[in-house]
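**Q** Take a look and give me a structure for this.
(2 chains)
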Amino acid sequence: MVPKPLWLLAELTYRCPLQCPYCSNPLDFAGARFKRELATEEWCRVFREARALGVLQLGLSGGEPLLRPDLETLVATAHELGLYSSLITSAYRLSKDRLAALKQAGLDHVQISVQAADAGLSDHIAGTASYRDKIAAYRYTRELGFPLTVNVVLHRTNLHQVEAMIRLAESLGAERIELANTQFYGWAFHNRDALMPTKAQLDAAWEVVQRERARLGNKLEIVWVLPDYHEQYPKPCMGGWGRAYMTVTPGGEVWPCHAAGRITTLEFANVRDHPLEWIWSESEAFNRFRGDAWMPEPCRSCPRKTVDFGGCRCQAFLVAGDAGVTDPVCSLSPQRRLVDEAVAAAERAAAAAEPPAEWAYRAAPASRAIAAKG
Amino acid sequence: MNRPGPAVVPRIAPKARLQRDEVRDREVLLYPEGLVALNETGSAILNLCDGTRSVAEIVQALKQRYGAEGIEGDVTAFLDGLAAKGLVTYAPPAPPSYPPTPSAPPR
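**A** A predicted model of the protein is given here:
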């Protein structure tokens, strides 16, 4: 039986004022494939169809979702449908009036990213001066009574600030801080050498997290997203392919996760052409890696297959060149050496005190150049 | 933290919301990035958390509705579990109404 989805990530646009080099959006976000954004009524239909399928949690993301002038309408529709809505935003130029209008429309939760604990480093990583807006928006969020998640993507250049990040979230009165070690997809995969942390950095940060968890108790929830290249086993990506989660892209393609569009061996259906129910239940892309019948060894006979579902299909495709093999992050994968090499390169560079490689900012001109190359 | 007594008034935290899940024929408690699936009893308890009833009153109401006995421990454990996740908050018991309703002064 086909499982029912619980989560919908609505990527409302790939336009974004920030240029973070670890962005999970597709490298070719500015290319023809993503050009024509869904209209308001199309999104509202997607939300209705998602709710009828069983979705209860809605992430409004991007790019920068605030760039959609119809965001209030979309939030109001989600609210009427009974979806629990989270705005996932950079908060760039977010005014208190706009946030109040979103509250009025029924928005449930706000997640605001910050790139580091201080303005200088945060703005450097974002590639756009945005720290001041973020701090202001955190305050508006609390003043308006929203639950607040502070989100920070961690990598070699900011891992030393984990304690300061937690203190910042605490001082802002956030409910949660999500310390998300970079997952290497999209721009992050493109910039992997520049972003890859060392084991020593990760160990030091993890120690801080454990200490701060003990200090803060349930005053502030600290979520630590594992750095999977440094783990022994893969993550249970999306809780399994086509099991609980889907992403709808700005142009209406539906993906089992927000990185899946990169898998060139799959064809993804579009909500402009098909009902969401058909895409979820019937389409080839959603069924390809559903369940465990597709699994090769070592997954097929592995007792962990019900725990991690073979790991991440996008990672298998990006690293091993085949979406249908065991996630190469798994220590049992015959391709694990590809991951080990990337980790070892970062260790060697750090040991030789080399500065990290330069990253390419996520920006439209770079994206169009990549899209043109194919 | 001392365990709250039966006189405290539980309330669903502002970040959480009760929602009917028609597709799976149940209620759920939704919160940022997660949900708690509720069985019939869990639903009944949370629907009684209206910000005026104390734990003791909720237990009383459930006893009347279901004729169940000895449920106080289960109700308390359920609410404490949600409180530990910040999904339920406890308010101190409501004070007796004060000043007392004035009665006509004696002549």
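**Q** Next secondary structure after the longest helix seen in chain A?
**A** For chain A, the helix reaching the highest residue count under DSSP state H is reported as helix A:199-216. Sequence order places strand A:221-225 as the next helix or strand after helix A:199-216, per DSSP states H and E.
**Q** what's the helix or strand that comes right after that following strand packed up against?
**A** Later in the chain than strand A:221-225, the nearest helix or strand by DSSP H and E is strand A:245-248. When contacts are defined as 3 or more C-beta pairs under 8 Å, 6 or more residues apart in numbering or on different chains; DSSP states H and E, strand A:245-248 sits against strand A:7-11, strand A:254-255. Every C-beta, even on glycine, is put in place using the N, C-alpha and C of the backbone.
**Q** Run through the residues that contact residue 14.
**A** Looking at chain A here, since you left the chain open. A:Asn25, A:Pro26, A:Phe29, A:Ala30, A:Phe34, A:Gly62, A:Gly63, A:Thr249, A:Pro250 (C-beta atoms under 8 Å, 6 or more residues apart in numbering or on different chains).
**Q** my bad, chain B
**A** Taking C-beta under 8 Å, 6+ apart, one finds A:Gly145, A:Pro147 in contact with B:Pro14.
**Q** Enumerate the residues of chain A near chain B.
**A** Chain A comes close to chain B at residues A:4, A:6, A:52-54, A:56-57, A:82, A:84, A:86, A:108-109, A:111, A:145, A:147, A:149, A:175-176, A:218, A:221, as judged by C-beta under 8 Å from any C-beta of the partner chain.
**Q** Report the buried members of those.
**A** Using 16 or more other C-beta atoms under 10 Å in any protein chain shown as the burial test, these include A:4, A:6, A:53-54, A:56-57, A:82, A:84, A:86, A:108-109, A:111, A:147, A:149, A:175-176, A:221 as buried.
**Q** thinking again about what came up before, if you rank the contacts of A:Tyr14 by neighbours, which is first?
**A** A:Phe29 (29 neighbours; other C-beta atoms under 10 Å in any protein chain shown).
**Q** which non-adjacent residue is nearest it?
**A** Nearest residue to A:Phe29 in three dimensions, chain neighbours excluded: A:Tyr14, at 3.9 Å (C-beta to C-beta, 6 or more residues apart in numbering or on different chains).
**Q** would you say that neighbour is within a strand?
**A** No - counting by DSSP: H, G, I helix; E, B strand; the rest coil, A:Tyr14 is not part of a strand but coil.
**Q** Mean neighbour count and mean pLDDT added to the helices and strands packed on strand A:245-248, as TSV?
**A** As requested, the helices and strands packed on strand A:245-248 are exported to TSV (neighbours: other C-beta atoms under 10 Å in any protein chain shown; pLDDT from 0 to 100):
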stretch	mean neighbour count	mean pLDDT
strand A:7-11	23	98
strand A:254-255	25	98
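**Q** Could you save those strands as CSV and add columns showing distance to A:Thr73?
**A** CSV is the format used below for the helices and strands packed on strand A:245-248 (distance: least, C-beta to C-beta, whole Å):
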stretch, distance to A:Thr73
strand A:7-11, 13
strand A:254-255, 21
